[in-house]
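Q: Sequence first, predicted coordinates after that:
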Amino acid sequence: MSIYDTLEYADSDSSVKEIYDDIFEHLGNAGLVDYFKVLGKYNPHILSTTWALLKNVLLTGELPRALKELVFIAISNERECVYCTSIHCAMCKYLNIDDETINQVLQKSSELSPKRVKVAIDFAVKMATNNTSVTEQDHLSLLNNGLTKNQVFELMSLASVVNYSNTLAQGMMLVVDEKFANLLKDNIVV
């Protein structure tokens, strides 16, 4: 149980319901996680801003959503944000990403393939955890593995958004929603 209460859909006012409805539209019923419900309860403005940021970086652009979710779990795992790691592992499962791939990302496996995915994830983690160590060679490696410059910018933006989300989730001291914990308990080690 979190120190902060959640605001359920039925109890929210029309402005929060509008944001929740947009979350439902883009993520389905599973997308209205406690992270959003806590923000809805205490600061609808931050909820609106946070949702707009996530929607525009995670759900749009040239990079596949599946890759973005794998990046989200890699960075969250590296930054020890159990909540975000778990939620985005569950999102990967909803996107039909196999358990082996999810576990390879969590274990930082050198066997992750295709190489383009491994290079993108490694770059994004480096951006999120030690951005001053990113080199021109890191960028060239992405470009040489088939990413466009637009996609590189998406990765850099995603790294920033994951850091933002991790910071909020850790600050709110969220506990993983039971439905997601149950989804992951058998095959994913977070």
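A: Here it is on my side, so go on.
Q: contacts, neighbours, all on C-alpha from now
A: OK.
Q: List the buried residues in stretch 122-131.
A: By neighbour count on 16 or more other CA atoms under 10 Å, the buried set for stretch 122-131 is 122-128.
Q: In CSV: those residues, plus distance to residue 109 and pLDDT.
A: Written out in CSV, the entries for the buried residues of stretch 122-131 read as follows (distance: CA to CA, whole Å; pLDDT from 0 to 100):
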residue, distance to residue 109, pLDDT
122, 11, 98
123, 14, 98
124, 15, 98
125, 14, 98
126, 15, 98
127, 19, 97
128, 18, 97
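Q: In strands, which of those residues appear?
A: When DSSP state E defines the strands, the subset of the buried residues of stretch 122-131 inside them is empty.
Q: Would you map the helices across the protein?
A: Listed in chain order, the helices of the chain (DSSP state H) span residues 14-27, 34-42, 44-58, 65-78, 82-94, 99-106, 115-130, 136-144, 149-171, 178-184.
Q: among the buried residues of stretch 122-131, which two are most distant?
A: The distance between the two most remote of the buried residues of stretch 122-131 (CA to CA) is 10.0 Å, for 122 and 128.
Q: any common contacting residues for these two?
A: Taking CA atoms under 8 Å, 6 or more residues apart in numbering as the criterion, residue 122 and residue 128 do not both touch any residue.
Q: Out of the helices of the chain, flag the one nearest residue 8.
A: Relative to residue 8, the nearest member of the helices of the chain by CA to CA is helix 34-42, separated by 6.4 Å.
Q: can you give me the angle that closest one makes with helix 82-94?
A: Computed by axes from the mean of the first three to the mean of the last three CA atoms, to 10 degrees, the angle separating helix 34-42 from helix 82-94 equals 120 degrees.
Q: domains of this protein?
A: Taking automatic domain parsing as the reference, the chain has its domains at 9-58, 65-184.
Q: Which of those sits closest to residue 2?
A: Comparison of these against residue 2 by CA to CA identifies domain 65-184 as nearest, at 5.2 Å.
Q: ok, the nearest residue to residue 9 once chain neighbours are set aside - how many residues close by?
A: Leaving aside its sequence neighbours, residue 9 sits nearest to residue 17 (CA to CA, 6 or more residues apart in numbering; 6.3 Å). Using other CA atoms under 10 Å, residue 17 is surrounded by 16 other residues.
Q: With the one 5 residues further on instead?
A: Other residues within reach of residue 22 by the criterion other CA under 10 Å amount to 16.
Q: Relative to residue 105, how far out is it?
A: 29 Å (CA to CA, to the nearest Å).
Q: same question, residue 142
A: Counting by CA to CA, the separation of residue 142 from residue 105 is 18 Å.
Q: ok, the closest residue to residue 116 other than its chain neighbours - contacts?
A: Distance criterion CA to CA, 6+ apart; nearest residue to residue 116, sequence neighbours excluded, is residue 145 at 5.3 Å. Applying CA under 8 Å, 6+ apart to residue 145 gives the contacts 115-116, 119.
Q: filter the residues you listed to the buried ones?
A: In terms of neighbour count (16+ other CA under 10 Å), the buried residues within the contacts of residue 145 are 116, 119.
Q: This completes my enquiry, with thanks.
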